[in-house]
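Novice: Fold the following, please.
(2 chains)
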Protein chains: 2
Amino acid sequence: MSGEDEKKRAGSGDPAPPSPGSRRPGGRTARTRAAVRDAVLTGLTELGYPGLTVEYVAEHSGVHKTTLYRRWGDVEGLLADALDLAGEDTWLPPDTGSLEGDLRALAHEIVTSFTDSATASAGSALIAAGFQSERAATALRAYYTERFARCEAIVERAVHRGELAAPGGAVDAGALVRAVPAPLFFRLFVTREPVDAALADQAAAAALAAARAGVFTTDEPAGAAPGAPERAG
Amino acid sequence: MSGEDEKKRAGSGDPAPPSPGSRRPGGRTARTRAAVRDAVLTGLTELGYPGLTVEYVAEHSGVHKTTLYRRWGDVEGLLADALDLAGEDTWLPPDTGSLEGDLRALAHEIVTSFTDSATASAGSALIAAGFQSERAATALRAYYTERFARCEAIVERAVHRGELAAPGGAVDAGALVRAVPAPLFFRLFVTREPVDAALADQAAAAALAAARAGVFTTDEPAGAAPGAPERAG
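Specialist: Below is the predicted model:
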């Protein structure tokens, strides 16, 4: 492909906002980065974090070892960038028109992605790396923070529709959207028990029931709370 | 210590029921097994599963390498037995007199054990091993299955006290007791976010609210359900 083609590609709107400091999407740099990311994920899946080497990534990405060392530093840098890149996608949480529908769809999406062997192994390998590398753990935290910030749209829409109110405070949207995946990931990666569609429904229903009961609230009241101190006359 | 002393020790009642096939507790065999288990956990913490070797366990347990190979086979066998042994303790779930109190105490116990560096690292290393070894994953599943079976006593007592009823079915005690740790483990080992006492309270409250809303039910009705078919007259 010519340099001209690459420039055209770079301009064809990928709606994902690039992270601060990243090159513009679609160009040679972006393709190199994606090839490196793919090699990192393949390596993690095949060898696990302890077995992954810069040499392996060079061989499987076609990017020269010296380039990898110069731009990513080491295996931890490669791994962190793979997670950064995963966070730059255009994924949006489900928007079904109801809180219950959205939470349920979110739960089913998780079960599907971790029971499909094509996507499950890379995800599992990234979570596993968090146990072995502090930098991977930090990158995972950043990835999930950003991902759940997107999920909070589910809660904002529900509050806007009047489906959800937090008595005496604001809804803790972050806690609510984390409540849905928690029982699924717990079984997948801690207790090593099977997950299925019925468990996805249960996870969504449990989060919804807790939200309706007012469990997920922050201390800060939303707007002017009743009982706020009166202005001195 | 003489053989006589060992025999006396063996008889002094440890109330933990030995697992099928295990030697009687307290004797030389039990002490060897505990020493091996300790070396396995230390090794997992220091080196991670991929770095753990039979040689390391021999050196740190004082048990000869040939004995380890003969009785445990390999590293996977050592790891599986460490988990089996962890499951043979006398731990019982909290019994505070109320469902809410029990769930909350359980949540706090988990947060405490994973924020205390003395206990956290071994637990984390065992969970990490589940990513790298199918046999470790199987042993983890067995460990948690047994552990949550003990926790079901919390739910049984609550049903007995009339605190909890499942409309149209029996309470799914297993799902309810797993709902408490799920958001804590999810943050500890997947999203890598901090957990604290407030989050423990929230996890317990969410599980309780979902239980009260009837989310955790099995399909099988408990006892004679209303609307059961009438006897033909």
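Novice: For residue A:78, give me its contacts.
Specialist: Contacts for residue A:78 were tallied using Cβ atoms under 8 Å, 6 or more residues apart in numbering or on different chains; they are A:36, A:40, A:52, A:54, A:57, A:68, A:72. C-beta here means a position set from N, CA and C on the backbone, and glycine is covered the same way.
Novice: name the element it belongs to?
Specialist: Secondary-structure assignment from DSSP states H and E places residue A:78 in helix A:75-86.
Novice: for the record, mean pLDDT for that helix?
Specialist: What helix A:75-86 shows for mean pLDDT is 90.
Novice: ok, now stretch A:141-152?
Specialist: Summarised as a single mean, pLDDT over stretch A:141-152 is 96.
Novice: repeat for stretch A:90-107
Specialist: Model confidence over stretch A:90-107 averages 97 on the pLDDT scale.
Novice: Point out where chain A drops to low pLDDT.
Specialist: In the predicted model of chain A, residues A:1-26, A:166-168, A:219-233 satisfy pLDDT under 70.
Novice: for it, what spans make up the strands?
Specialist: Per DSSP state E, chain A carries no strands over any range.
Novice: for it, which helix is longest?
Specialist: Of all the segments assigned as helix in chain A under DSSP state H, the longest by residue count is helix A:134-160.
Novice: buried set for that helix?
Specialist: A:135-137, A:139-144, A:147-148, A:151-155, A:157-159 (16 or more other Cβ atoms under 10 Å in any protein chain shown).
Novice: and what of stretch A:200-216?
Specialist: Taking 16+ other Cβ under 10 Å as the basis for neighbour counts, the residues of stretch A:200-216 that come out buried are A:200-216.
Novice: What of stretch A:87-105?
Specialist: Within stretch A:87-105, the residues that qualify as buried by neighbour count (16+ other Cβ under 10 Å) are A:87-88, A:93-94, A:99, A:102-105.
Novice: Take the residues you listed and lay them out in CSV including distance to chain B.
Specialist: Conversion of those to CSV gives the following (distance: Cβ to the nearest Cβ, whole Å):
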residue, distance to chain B
A:87, 13
A:88, 18
A:93, 16
A:94, 19
A:99, 14
A:102, 17
A:103, 12
A:104, 12
A:105, 18
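Novice: Let's see which of those end up in helices.
Specialist: The helices in this structure, assigned by DSSP H, contain A:99, A:102-105 from the buried residues of stretch A:87-105.
Novice: can you tell me which two in those residues are farthest apart?
Specialist: Using Cβ to Cβ, these span at most 10.9 Å, a distance reached by A:99 and A:105.
Novice: hmm, the longest helix of chain A touching chain B?
Specialist: Yes: using Cβ under 8 Å from any Cβ of the partner chain, we find that helix A:134-160 touches chain B at A:137-138, A:140-141, A:144-145, A:148.
Novice: What count of nearby residues applies to the spatially closest residue to residue A:200 that is not a sequence neighbour?
Specialist: The shortest distance from residue A:200 to any residue that is not its chain neighbour, by Cβ to Cβ, 6 or more residues apart in numbering or on different chains, is 3.8 Å, and that residue is residue A:107. Counted by other Cβ atoms under 10 Å in any protein chain shown, the residues lying close to residue A:107 total 26.
Novice: Do I have it right that residue A:107 meets residue A:181?
Specialist: Yes: here residue A:107 reaches residue A:181: they are 7.2 Å apart, a contact under Cβ atoms under 8 Å.
Novice: Can you check which residues contact both of those two?
Specialist: Between them, residue A:107 and residue A:181 share the neighbouring residues residue A:203, with contact defined by Cβ under 8 Å, 6+ apart.
Novice: circling back to that earlier point, give me the distance from the helix holding residue A:78 to the chain's centre.
Specialist: Shown here is helix A:75-86, whose average C-alpha point lies 13 Å from the average C-alpha point of the whole chain (Cα atoms, centre = their mean, to the nearest Å).
Novice: check contacts around the residue nearest the centre of chain A.
Specialist: With distances taken as Cα atoms, centre = their mean, the residue of chain A nearest its centroid is residue A:147 (3.7 Å). With contacts defined as Cβ under 8 Å, 6+ apart, residue A:147 is in contact with A:87, A:91.
Novice: which one of the ones in helices among the buried residues of stretch A:87-105 is nearest residue B:62?
Specialist: Of those, the one sitting nearest to residue B:62 (Cβ to Cβ) turns out to be residue A:103, at 53.5 Å.
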